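Chemist: next one to model:
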Amino acid sequence: LVEDDGFRLPHAVHQRHLLERDRHDLPGEAARIHRRRGFHVAVEGEGLHFEYFRGEFDSMPDFSNMKPVSRGMISDVTIPVTADAEDFAVRYLGYINIPEDGMYTFILDSDDGSLMFLDGQKVIDNDGLHASLKKKAGVALGKGFHPVEIRFFQKKGGRNLSLEIEGTTGKISATSLLVH
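Modeler: Numbers count the residues shown, from 1 in each chain. I've put the predicted structure just below:
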C-alpha cells in the first residue's frame, strides 16, 4: 500500500502473469483494448476506498489538486450516504479480483459524469452533464487483481451511479469482486 496524505491507497505488489493479445474492436459502445495481466496483492478487505469532494462541476474535476471532505469504505459502486451536498464528486479506488481469464463487460451508469480506469487505463468515458446514461466496455482480462478507479461527479437534479459486470458465465455481482 502507498500513503497519500495519510490515506492508504492500493498498490499492486507482484505481477501474476502476462496475457497480452492484439487489440480488437467490440460491437456497440465497447472500448477498444487488449487483454490485461492480473497481479497478486495484499488484500485488506472487501469493497473500495472512496474520497468525497464538495464543489460544482460541469465535467470531471482534477482530483490531484483537491482535498476530500471525507473518506471511507464502500461495498459497491454507488453514491455514498455521506454525499449530503447537491453538487459533489467521488473517487473510488481499489482492485477488481477477476476469477478467471476471459472477456468481461463493464457497464457504468451515471447521472451526471463518470469515468472508469482499469489497470491505469481509461476504459469508460461517461463524462459531462447528462441524465442517467449507461456506457460499456469489453475488456479481456487475466485472472487476478486489477487496479480499478472510478470517478463520478454530480451537479443538481437527479443522481445515480452503478456498475454492472458481465463475465464468461453471465452477470457477476460487482460487490463480490471489489477489494482494497
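Chemist: so what's the residue count around Asp62?
Modeler: Per other CB atoms under 10 Å, the neighbour tally for Asp62 reads 6. In short, each C-beta sits where N, CA and C put it, glycine included.
Chemist: quick one: it from Gly38, how far?
Modeler: Noted for Asp62: a distance of 29 Å to Gly38, by CB to CB, to the nearest Å.
Chemist: and for Asn160?
Modeler: 30 Å.
Chemist: okay, these two: which has more neighbours?
Modeler: Taking neighbours as other CB under 10 Å, Asn160 and Gly38 compare with Gly38 leading, 23 against 16.
Chemist: hey, what's that one bridged with?
Modeler: His17 (DSSP bridges).
Chemist: wait, what's in contact with the spatially most central residue of the chain?
Modeler: Residue closest to the average C-alpha location in the chain (CA atoms, centre = their mean): Ile150, at 3.2 Å. If you count contacts by CB atoms under 8 Å, 6 or more residues apart in numbering, Ile150 has them with Leu48, Val77, Arg91, Tyr92, Leu108, Ser114, Leu115, Met116, Phe117, Leu163.
Chemist: could you do Ile165 as well?
Modeler: Ile96, Tyr104, Thr105, Phe106, Ile107, Lys171, Ile172, Ser173, Ala174, Leu177.
Chemist: could you measure from the residue lying closest to Glu166 once chain neighbours are set aside over to Lys171?
Modeler: Leaving aside its chain neighbours, Glu166 sits nearest to Thr105 (4.2 Å; criterion: CB to CB, 6 or more residues apart in numbering). For Thr105, the distance to Lys171 equals 10 Å [CB to CB].
Chemist: tell me which of the two has more neighbours.
Modeler: Applying other CB under 10 Å to Thr105 and Lys171 shows that Thr105 carries more neighbours, namely 18 against 11.
Chemist: grab the nearest non-local neighbour of Leu48.
Modeler: Using CB to CB, 6+ apart, the closest residue to Leu48 is Gly94 (3.8 Å).
Chemist: what secondary structure does that neighbour sit in?
Modeler: At Gly94 the chain is in strand, as set by DSSP: H, G, I helix; E, B strand; the rest coil.
Chemist: that one against Phe50, yeah?
Modeler: No. At 9.1 Å, Gly94 does not count as touching Phe50 under the criterion of CB atoms under 8 Å.
Chemist: of those two, who's got more company?
Modeler: Of the pair Gly94 and Phe50, Gly94 is the one with more neighbours under other CB under 10 Å, namely 29 against 25.
Chemist: ok, now which ones touch Pro61?
Modeler: When contacts are counted by CB under 8 Å, 6+ apart, Pro61 touches Phe53, Gly55, Ala89, Phe153.
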